[in-house]
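Trainee: sequence plus predicted model, see below.
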Amino acid sequence: MRKYLMAAIVLLGMASCSEKKFHVEGNITNAKDSMLYFENVGLENINVLDSVKLGDDGAFAFAQPQNEAPEFYRLRIADQIINVSIDSTETVTIKAQYPQMATQYEVSGSDDCAKIKELTLKQIDLQNRAIAISQNDALSIDESNDSILKMISDYKQDVKNNYILKEPNRSYSYFALFQAIGNMLIFNPRSNKDDIKVFAAVATSWDTYHPNSERGANLHNIAIEGMKNVRITEANAAKRIDVSKISTTGLIDIALYDNKGQLRHLTDLKGKVVLLDFHLFGLENSPERILLLRELYNKYQAQGLEIYQVALDADEHFWKQQTAALPWICVRDPQGMDSETLITYNIQGLPEYFLITRDNSLYKRSGQVKDIEAEIKSLL
């Protein structure tokens, strides 16, 4: 019995050692005897995972089990905070000096954490400039408000273009969405139409790159709810839509007119496996791509496959000629390459496509698909 017990203990020890973990370690000097807390920043609560009383050299080392999707944490001494994100089993190293650790720290081992540092410093600078303007007695209240609003607008453009839309599937882009100045979110996901598009772009990327993650689902719901709020506001203003009939779905909708003049909603295709295709018929390789789509459509349409093709061609007459004989749904976005839909779905180049499940959920985008026919068959 003792032999079997020892064997069981050894196996348990081996399993424990083989568990995949991430590590956050480093030194925070000038903080001897201070308690350093390692906390998980959840969707609703901040929970302490571990803590250590710092010694002379300020050394610390925390380890936690790997997550299935990117997650956010922070190091905290009193009100001094360093935010970090963890995507896998990386080791993130932090070096700082108290009490300026929140702004004067070095980070290595994670590009996302480095970007989060950049964004944090930008946000602190924005807030300090806003405070300085509000305290400037030479400015009237209106002048002060206008200056601050202009400053926030410029900040949003910078962060949107150079961080969020650049890599919307990354955790630092998610982090940027929830930055605040005072108690106000810089990006308003509830009623600002342009800000909702930015949320939708990140939500779409997380739907495809981090499927079934709690954060991705929450982000998706925020974007959908924001779009619903905007529709209700516009409906009330126009006095021509029954807002009680406005509902949400599990997919960020596209509503455009097809080549027969009929308004077609992407979300109306629930129950079918959908290949959402973004296309320019003016491209040189367009005929070959259309032939490939025809083969897939002819093969699997009877089993429940539908193609919802969004054309970005500027010439409407040319588009109608090219699509007159196509058997699937083909709509055109009159905004062309300036389409808001391209932002929402983070389209960096054409052609591009997504696969959507029967329950109106994004499944994968082209870069994640090795064999499109095999993927379609698995969804059918």
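Mentor: Yep, it's here. Please read these numbers as outputs of a predicted model, since none were measured by experiment.
Trainee: and the residue lying closest to residue 72 once chain neighbours are set aside, what's its pLDDT?
Mentor: Among residues not flanking residue 72 along the chain, residue 41 sits closest, at 4.4 Å (Cβ to Cβ, 6 or more residues apart in numbering). (C-beta placed from N, C-alpha, C; glycine too.) On the pLDDT scale, residue 41 is placed at 95.
Trainee: contacts only, for residue 41.
Mentor: Shown in contact with residue 41 (Cβ atoms under 8 Å, 6 or more residues apart in numbering): 72-74, 83.
Trainee: closest one of these to residue 224?
Mentor: Each of the contacts of residue 41 was checked against residue 224 using Cβ to Cβ; the closest is residue 72, at 22.1 Å.
Trainee: how many other residues sit next to the closest one?
Mentor: Residue 72 has 21 neighbouring residues, counting by other Cβ atoms under 10 Å.
Trainee: dihedrals phi and psi, it?
Mentor: Backbone geometry at residue 72, expressed as degrees, to the nearest 10, gives phi -120, psi 140.
Trainee: per-residue confidence at it?
Mentor: Note for residue 72: predicted pLDDT of 97.
Trainee: return the residues in contact with it.
Mentor: 40-41, 83-86, 171, 175.
Trainee: could you give the mean pLDDT of stretch 102-114?
Mentor: If you average the pLDDT over stretch 102-114, you get 96.
Trainee: buried sites along that stretch?
Mentor: Buried residues in stretch 102-114, counting neighbours by 16 or more other Cβ atoms under 10 Å, are found at 102, 105, 107, 109-110, 112-113.
Trainee: now find how far off-centre the helix or strand harbouring residue 220 is within its chain.
Mentor: Assigned by DSSP states H and E, residue 220 belongs to helix 214-238. Remark: helix 214-238 is offset 15 Å from the chain centroid, using Cα atoms, centre = their mean, to the nearest Å.
Trainee: list the buried residues in that helix.
Mentor: With burial defined by 16+ other Cβ under 10 Å, the residues of helix 214-238 counted as buried are 215-217, 219-220, 222-224, 226-229, 235.
Trainee: for beta bridges, what are the partners of the residue nearest to residue 72?
Mentor: Beta-bridge partners recorded for residue 41 (DSSP bridges): residue 46.
Trainee: for residue 113, see how far away it is.
Mentor: In this view, residue 41 and residue 113 are 13 Å apart by Cβ to Cβ, to the nearest Å.
Trainee: the strands in the stretch 251-380 of the chain, which residues?
Mentor: 255-257, 263-265, 273-279, 305-311, 329-332, 352-356, 362-365 (DSSP state E, counting those that start in this stretch).
Trainee: other SSEs contacting the first one?
Mentor: I take that to be strand 255-257. Applying 3 or more Cβ pairs under 8 Å, 6 or more residues apart in numbering; DSSP states H and E, we find strand 255-257 packed against strand 263-265, strand 329-332.
Trainee: what's in contact with the longest one?
Mentor: I take that to be strand 329-332. In contact with strand 329-332 (Cβ under 8 Å, 6+ apart) are residues 254, 256-259, 264, 269, 306-313, 316, 319, 323.
Trainee: which of those residues count as buried?
Mentor: 254, 256, 258-259, 264, 269, 306-313, 319, 323.
Trainee: so what does the helix or strand where residue 52 lies touch, helix or strand wise?
Mentor: Assigning secondary structure by DSSP H and E places residue 52 in strand 46-53. For strand 46-53, the packing partners by 3+ Cβ pairs under 8 Å, 6+ apart come out as strand 35-41, strand 59-65.
Trainee: point out where the stretch 101-250 of the chain drops to low pLDDT.
Mentor: 233-250 (pLDDT under 70).
Trainee: which parts of it are helices?
Mentor: Using DSSP state H, counting those that start in this stretch, the helices of the stretch 101-250 of the chain run over residues 111-134, 141-159, 171-177, 193-209, 214-238.
Trainee: I'd like to know which of those helices is closest to residue 289.
Mentor: Per Cβ to Cβ, nearest to residue 289 of these: helix 193-209, 20.5 Å.
Trainee: touching the closest one from outside, list them.
Mentor: So helix 193-209 is in contact with 156, 160, 164-165, 168-169, 173-174, 177, 187-189, 213, 215-216, 219-220, 222-223, 226-227, 230, 252, 340, 343-346, 354, 361-365, 368, going by Cβ under 8 Å, 6+ apart.
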